[in-house]
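Visitor: Could you look at this predicted model? Sequence included:
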Amino acid sequence: MSAYLDGDERVRRIAAAIRVVPDFPKPGIMFQDITTLLLDQRAFQDSIDIFVERYKDKNITVVAGIEARGFIFGPPIALAIGAKFVPMRKSNRLPGEVISVKYALEYGTDIMEMHVGATQPGDRTLIVDDVIATGGTLCAAMSLLERVHADVVECACVIGLPELKGRERLGGKSLYILVESV
């Protein structure tokens, strides 16, 4: 599901604020750059507002933000809906006891970690990131959360890259995106 299909003018503003950078980080990749969205205060606020409107009445108890851009969108959503924020980080960046999972990216592999005890069994969790490409990062986050018996209600991304078929890797988990690749 995409907010863009709803005809919301705010989504058109968000899409217009995203810059596409060809051949970054390597040849052939059309990088969807949200830093230009962050520079546009109205478009950035629109993105937060749309997510908050969607999740304010869904009894979400945890917003899990994926490093690094999920850290930009996740905390304001969590604060607005009365949920706690849990960072999902790359390997060796969280102090204390963690659980981890290795996963595939569109151009390599990585390891994601989460603090032990950050979520409780039955927590209603929203996973937030800036983009879904191949779906590997969202699948890794779901794996960690489900391992500790949290209920992943939905994944939310600003941008979807449908040509990379990441949605298909989510095993039927609900995915909400604001805009398709621009």
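Guide: Sure, I can see it. Bear in mind that the values here come from a model prediction, so they are computed numbers and not experimental data. Residues are numbered from 1 along each chain as shown.

Visitor: how about stretch 164-182 as PDB, C-alpha atoms only?
Guide: In PDB, the C-alpha atoms belonging to stretch 164-182 read as follows (Å, rounded to 0.1, in the frame of the first residue of the first chain):
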ATOM      1  CA  LEU A 164      13.700  -4.800  -6.700                       C
ATOM      2  CA  LYS A 165      10.800  -6.900  -5.400                       C
ATOM      3  CA  GLY A 166      11.500  -6.400  -1.700                       C
ATOM      4  CA  ARG A 167       7.900  -6.600  -0.700                       C
ATOM      5  CA  GLU A 168       7.800 -10.300  -1.900                       C
ATOM      6  CA  ARG A 169      10.500 -11.100   0.600                       C
ATOM      7  CA  LEU A 170       8.500  -9.900   3.600                       C
ATOM      8  CA  GLY A 171       6.500 -13.100   3.800                       C
ATOM      9  CA  GLY A 172       3.100 -11.400   3.600                       C
ATOM     10  CA  LYS A 173       4.000  -8.800   6.400                       C
ATOM     11  CA  SER A 174       2.200  -5.500   5.800                       C
ATOM     12  CA  LEU A 175       4.300  -2.800   4.200                       C
ATOM     13  CA  TYR A 176       3.300   0.900   4.000                       C
ATOM     14  CA  ILE A 177       5.300   3.200   1.800                       C
ATOM     15  CA  LEU A 178       4.800   6.900   1.100                       C
ATOM     16  CA  VAL A 179       6.200   7.000  -2.500                       C
ATOM     17  CA  GLU A 180       7.400   4.600  -5.200                       C
ATOM     18  CA  SER A 181      10.900   5.300  -6.500                       C
ATOM     19  CA  VAL A 182      11.000   8.800  -8.000                       C
END
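
Visitor: who's in contact with that stretch?
Guide: Residues from elsewhere that reach stretch 164-182 (C-beta atoms under 8 Å, 6 or more residues apart in numbering): 1-4, 11, 14-16, 18, 20, 30, 32, 47, 50-51, 54, 106, 132-136, 138-139, 142, 152-163. From N, CA and C alone the C-beta is placed, and that goes for glycine too.

Visitor: cool, stretch 46-57 as well?
Guide: 3, 8, 10-11, 13-14, 37, 73, 76-77, 80-81, 126, 128, 154, 156, 158, 176, 178.

Visitor: just to revisit the earlier point, strands - which of the contacts of stretch 164-182 land there?
Guide: 20, 30, 32, 132, 152-160 (DSSP state E).

Visitor: Over to the residue lying closest to Ile66 once chain neighbours are set aside. Which of the three states is it?
Guide: Leaving aside its chain neighbours, Ile66 sits nearest to Asp129 (4.3 Å; criterion: C-beta to C-beta, 6 or more residues apart in numbering). Classification of Asp129 using DSSP: H, G, I helix; E, B strand; the rest coil returns strand.

Visitor: related to what we said a few turns ago, just the buried subset of the contacts of stretch 46-57, please.
Guide: 3, 10-11, 13-14, 37, 73, 76-77, 80-81, 126, 128, 154, 156, 158, 176, 178 (16 or more other C-beta atoms under 10 Å).
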